[in-house]
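[1] attaching a predicted model along with its sequence, questions to come.
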Amino acid sequence: MHTISNKELPEVVFGIHAVQELLKSDQALQKVNKVYLQKNLHSGSLTRINQRAQALHLVVQAVPKNKLDDLSDHGNHQGVVVTVSPFAYVELDTLLEQLHANQQEPFFLILDNLNDPRNFGSILRTADAVGVNGVIIPKRRASGVTGLVAKTATGAIEHLPIVRVTNLVQTIQQLKAAGIWIFGTDMTGTDYRHWNAQGPIALVIGNEGKGLSTLVKQQVDQMLTIPMIGHVQSLNASVAAGILLYQAFTSRKVN
């Protein structure tokens, strides 16, 4: 789902892919308040969205483009905006219980004060692709699930549990007590290509500019590094996360 945190605006989902995923979800009836479609804009995708909304007996209204611009805070809405109930974060204890009941080994992603909603959305999309079964973010000093996040994630948040916690350090300690091995990223560490990511694990990705916070770094069991030979010795957070997540995917699936 794709929400905007500005308190003057309703919670919204916008963009064709994000709305399609929302309307396919089992919770669509509980989440959706109203579907807005742009007047005099016709496409196969918008027609299918309208048909799906009508089949679910949702309220659908055709409105001028400027109405959608206002609702989406001038985002790239592609002619469709849906107002929804606020995003439902998952409790960590509930997620751990579900994984245990399903005999699944935790494969978590922890985002340490990630601020850029585009990076957040891109990372969520990759996390869903590689089978991450939970993303953990802090409540403060970090991007939450916003409209831009959901737009960038292109529907991944409809399938990926997201946990929002008050204290990231205490949460990591809880995960370690549950037998989950914590991996972090740093300029000095084990070459990620030698990373054995089997078993219950959590990967921590740090802030775009500062990396891992000091207190979080102290909780990490093993640091990973991505070797670079170019002049720029850092990678975009979403790119680094993508490289590491696919290494984890390879390790967990091949071995």
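    The structure has been received and is ready for your questions. Residues are numbered from 1 along each chain as shown.
[2] list the buried residues of the helix or strand bottoming out on mean pLDDT in the chain.
    Every helix and strand in the chain was compared by mean pLDDT, DSSP states H and E; the lowest is helix 28-31, with a mean of 76. Residues Ala28, Lys31 are the ones in helix 28-31 that count as buried (16 or more other Cβ atoms under 10 Å). For glycine as for every other residue, the C-beta is placed from the backbone atoms N, C-alpha and C.
[3] mind saving the C-alpha coords of that helix as CSV?
    Extracted C-alpha coordinates of helix 28-31, given in CSV (Å, rounded to 0.1, in the frame of the first residue of the first chain):
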residue,chain,number,x,y,z
ALA,A,28,-9.1,-4.6,-0.1
LEU,A,29,-12.6,-4.3,1.3
GLN,A,30,-11.3,-3.4,4.7
LYS,A,31,-8.6,-1.0,3.5
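[4] shaky segments in the stretch 151-255 of the chain?
    The model of the stretch 151-255 of the chain has pLDDT under 70 over residues 230-234, 254-255.
[5] quick one on the thing from earlier: for the least confident helix or strand of the chain, packing partners?
    Applying 3 or more Cβ pairs under 8 Å, 6 or more residues apart in numbering; DSSP states H and E, we find helix 28-31 packed against no helix or strand.
[6] check the offset of it from the chain's centre.
    Averaged C-alpha coordinates place helix 28-31 at 19 Å from its chain's average position (Cα atoms, centre = their mean, to the nearest Å).
[7] so how far is the helix or strand following it from its chain's centroid?
    Going down the chain from helix 28-31, the next helix or strand is strand 32-38, by DSSP states H and E. Averaging C-alpha positions (Cα atoms, centre = their mean) puts strand 32-38 23 Å from its chain's average.
[8] tell me which other helices or strands strand 32-38 touches.
    Secondary-structure packing of strand 32-38 (3+ Cβ pairs under 8 Å, 6+ apart): helix 16-24, helix 44-55, strand 60-63, helix 65-71, strand 80-84.
[9] CSV for those, including distance to Ala101, mean pLDDT and mean neighbour count?
    Listed next are these as CSV, based on distance: least, Cβ to Cβ, whole Å; pLDDT from 0 to 100; neighbours: other Cβ atoms under 10 Å:
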stretch, distance to Ala101, mean pLDDT, mean neighbour count
helix 16-24, 25, 91, 21
helix 44-55, 31, 94, 14
strand 60-63, 38, 94, 13
helix 65-71, 39, 93, 16
strand 80-84, 28, 91, 25
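[10] rebuild those as a markdown table, extending it with distance to Val32.
    Listed next are the helices and strands packed on strand 32-38 as a markdown table, based on distance: least, Cβ to Cβ, whole Å:
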| stretch | distance to Val32 |
| --- | --- |
| helix 16-24 | 7 |
| helix 44-55 | 8 |
| strand 60-63 | 10 |
| helix 65-71 | 14 |
| strand 80-84 | 6 |
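[11] quick check: which of the ones you listed is nearest to Ala241?
    helix 16-24 (20.3 Å; Cβ to Cβ).
[12] quick one, the closest one and strand 32-38 angle?
    Orientation check (axes from the mean of the first three to the mean of the last three Cα atoms, to 10 degrees): helix 16-24 against strand 32-38 gives 140 degrees.
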